[in-house]
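> this one's structure only:
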């Protein structure tokens, strides 16, 4: 790991990164904005979404509150470039924060298992999205997303496999490395597997800028 760490500085879990303000509603909304689109498209949609609530273009845009989003029509949300489904997901998420079913305090203090249980019950948030939120939104230090193909590919390459040949063979969800092997090979890095995962993405040059935002 030493050469890999020397080449890449991880700002996410640096002292400065760990002191950044945690805003679960912003992180989760941003995640929904970026689902199934390129990083460039996700950034554009997110900027237009935030602009809906900031008429003054001369000052820094402020992220909308759950109350503001819950009170916005689906039609207006869609003008930011959101699909019908994503607009519904974001409005539904906002309503859960408004009702108190979700809150910043709850998500900050809940266990990883409880965060997963509560958030996968929200329309538009699957296991991968919640794992990324726990890692980058809550700055939890021991997250390993075994279903992420970039992590699988990076781990396979890091531990000596020719990933181009593995890709050619196919193999479904676990075509690069089995979940069992991923868990076994990452055990030594617990309880800092979020950091280990970040470096596995670097092995195969996966762009994680959007999920880190």
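Alright, I've got the coordinates. Please read all numbers here as calculations on a predicted model, not as lab measurements. Numbering: from 1, shown residues only.
> any idea how far the strand or helix carrying residue 184 is from the middle of the chain?
Counting by DSSP states H and E, the element that carries residue 184 is helix 179-186. In this view, helix 179-186 has its centroid 21 Å away from the chain centroid, taken as CA atoms, centre = their mean, to the nearest Å.
> nearest residue to the middle of the chain?
In the chain, the C-alpha nearest the mean C-alpha coordinate belongs to residue 132, at 3.0 Å (CA atoms, centre = their mean).
> thought it was touching residue 211?
Yes: using CB atoms under 8 Å, residue 132 is in contact with residue 211, at 4.7 Å. The C-beta positions use only the backbone N, C-alpha and C, and glycine is treated the same way.
> overlap of the contact sets of these two?
Residues touching both residue 132 and residue 211 by CB atoms under 8 Å, 6 or more residues apart in numbering: residue 31.
> burial of residue 38, as a residue count?
11 (other CB atoms under 10 Å).
> OK, contacts around it?
Residue 38 makes contact with no residue, according to CB under 8 Å, 6+ apart.
> how far away is it from residue 136?
Distance of residue 38 to residue 136, computed by CB to CB, to the nearest Å: 18 Å.
> repeat that for residue 4.
Distance, residue 4 to residue 136, by CB to CB: 19 Å.
> so the two - more neighbours on which side?
residue 136 (23 against 13).
> correct me, but the more buried one touches residue 27?
Yes: using CB under 8 Å, residue 136 makes contact with residue 27 at a distance of 6.9 Å.
> pLDDT below threshold where in the protein?
57-60, 167-172, 213 (pLDDT under 70).
> and the longest helix for the protein?
The residue-count maximum for a helix in the chain (DSSP state H) belongs to helix 84-99.
> and the helix or strand following that helix, what does it pack against?
With elements assigned by DSSP H and E, the helix or strand that comes after helix 84-99 is helix 104-109. Applying 3 or more CB pairs under 8 Å, 6 or more residues apart in numbering; DSSP states H and E, we find helix 104-109 packed against helix 24-33, helix 112-120.
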